[in-house]
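In: The amino acid sequence is not available; the structure is as follows:
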């Protein structure tokens, strides 16, 4: 598969993770190992003042679909488990159709000795991937073909658990045979998570296209979602992308738990719905563990990046930076029968953000979330304790 096709697949899959709050997770990785090299010996490195014995370090595996948009967030979580929770990690990587950027990322920097990369052998995609396939379909087919040797790899690794992403749910069947619990790491917002869990029900109740519904989609216990804001992959139910997305999200209730890259203060409404709403109890939603914010802890900055960062640092406190990423906190009003926002309306919204009470409330909320985020992953923080609960489950497996 060409590098161009792989990059397009990555771009398409990235669109699936659009959310009201985007958390950029990146981290460097230095070297890759085949699964045959896992038995090499080496000393374990634990943080100072840690009394854990080697036998108490649970070993878990990660598995994600191809592309940096999927690899980077799960790798950052894997690295966090190694460095802060004394977990040993085998990080499984699908190499079929890997881009140069992916290979460079996996060989670019030092990683903890207790995090080892396991390359899944490439699969021959000749006559399987066709040019007329849509991008998400190509990604899902490539992933499914690449997972054929998964059982033998897991038999050798013997992990206490497997952590997957949204497009590798075929691993659930393999792990059921091997009695390995599976967890899903959902990297987008919990609004998208609740919609994804509700999609099978919506699919069974609605005839025709969701975009033709007379009103917004009402997800139980959550804010309504405008049909225009739905994922591109669910706007056309006749294409294969929709079928693949529905297939994978329908299997999410089968996992032992769902890690969500969020925290209580950021998305309280949807987290409460996932825990308490009768619908999510009815479909046996697994426990949802808020573990965020898992963010990048280092990255290479270009000269231009450093220049932009320095400019931002020199701006006055409470400055307003207007960035249009496709969504805004204050929504301009479009006049009936028009598709373009008028100049005066843009001026009104900008003025409200800069000097209005709404803008002050947004900046106050941002400061509160920043302070809250800093505490979540500290010892005793909500997300830290949430991760500890799962790690204790892994340790108890012996």
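Out: Okay, I see it. Bear in mind that the values here come from a model prediction, so they are computed numbers and not experimental data. Numbers count the residues shown, from 1 in each chain.
In: and residue 184, what is it in contact with?
Out: 163, 164, 165, 166, 169, 252, 255, 257, 258, 259, 286 (C-beta atoms under 8 Å, 6 or more residues apart in numbering). Any C-beta I mention is one placed from the backbone N, CA and C, and that applies to glycine too.
In: Name the SS class of it, please.
Out: Of the three states, residue 184 takes strand under DSSP: H, G, I helix; E, B strand; the rest coil.
In: Give me the pLDDT for the most centrally placed residue in the chain.
Out: In the chain, the residue lying closest to the centroid (C-alpha atoms, centre = their mean) is residue 187, at 1.8 Å. The per-residue pLDDT reported for residue 187 equals 91.
In: Just to check, it is in contact with residue 163?
Out: No: assessed by C-beta atoms under 8 Å, residue 187 is found out of contact with residue 163, at 11.5 Å.
In: Common neighbours of the two, please.
Out: In contact with both residue 187 and residue 163: residue 74, using C-beta under 8 Å, 6+ apart.
In: so how far is residue 321 from residue 383?
Out: As judged by C-beta to C-beta, to the nearest Å, residue 383 and residue 321 stand 27 Å apart.
In: If you could redo that for residue 294, that was the one I meant.
Out: 24 Å.
In: cool, and residue 150?
Out: According to C-beta to C-beta, residue 150 and residue 321 sit 45 Å apart.
In: Compare neighbour counts for these two and give me the winner.
Out: residue 150 (22 against 6; other C-beta atoms under 10 Å).
In: Low-confidence ranges, the stretch 251-398 of the chain, go.
Out: Applying pLDDT under 70 to the stretch 251-398 of the chain flags residues 297-301, 320, 322-342, 398.
In: scratch that, the stretch 101-250 of the chain is what I was asking about
Out: Counting by pLDDT under 70, the stretch 101-250 of the chain shows low-confidence ranges at 108-110.
In: for it, what spans make up the strands?
Out: All strands of the stretch 101-250 of the chain, identified by DSSP state E, counting those that start in this stretch, fall at 115-120, 161-164, 182-186.
In: which of those sits most buried?
Out: Ranked by mean neighbour count, these are led by strand 161-164 with a mean of 26 (mean count of other C-beta atoms under 10 Å).
In: Listing partners with orientation, what would you give for that strand?
Out: Paired strands of strand 161-164, with direction, are strand 59-63 (parallel), strand 182-186 (parallel) (DSSP bridges).
In: Of all those strands, which one is nearest residue 69?
Out: Nearest of these to residue 69, taken as C-beta to C-beta: strand 182-186 at 13.2 Å.
In: Tell me how far the closest one lies from the chain's centre.
Out: Distance of strand 182-186 from its chain centroid, counting by C-alpha atoms, centre = their mean, to the nearest Å, is 9 Å.
In: same thing with stretch 363-380?
Out: 20 Å.
In: Residues touching it, excluding its own?
Out: With C-beta under 8 Å, 6+ apart as the test, stretch 363-380 has contacts from 80, 84, 263, 265-266, 292-294, 318, 381-384.
In: List the buried residues for that stretch?
Out: 372, 373, 376, 377 (16 or more other C-beta atoms under 10 Å).
In: follow-up on the earlier one: would TSV of the strands paired with strand 161-164 with distance to residue 270 be doable?
Out: What follows is the strands paired with strand 161-164, written out as TSV (distance: least, C-beta to C-beta, whole Å):
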stretch	distance to residue 270
strand 59-63	25
strand 182-186	12
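In: hmm, back to that, how near is the residue nearest to the centre of the chain to residue 371?
Out: For residue 187, the distance to residue 371 - C-beta to C-beta - is 23 Å.
In: circling back: ok, of the buried residues of stretch 363-380, which one's closest to residue 66?
Out: residue 377 (28.2 Å).
In: Okay, that closest one and residue 137: tell me how far apart.
Out: 37 Å.
In: How about residue 61?
Out: 26 Å.
In: go on, residue 163?
Out: Following C-beta to C-beta, the distance that separates residue 163 from residue 137 is 24 Å.
In: related to what we said a few turns ago, and the two most separated of the contacts of stretch 363-380?
Out: Largest pairwise distance in the contacts of stretch 363-380, by C-beta to C-beta, is 32.8 Å, between 84 and 318.
In: So which of those two has more stuff around it?
Out: When neighbours are counted by other C-beta under 10 Å, residue 84 and residue 318 differ, and residue 84 comes out ahead with 16 against 12.
In: Could you tell me whether that one really is in a helix?
Out: Yes: looking at residue 84 with three-state DSSP, it is inside a helix.
In: For residue 290, give me its contacts.
Out: Taking C-beta under 8 Å, 6+ apart as the test, what residue 290 contacts is 260, 262, 263, 264, 271, 382, 383, 386.
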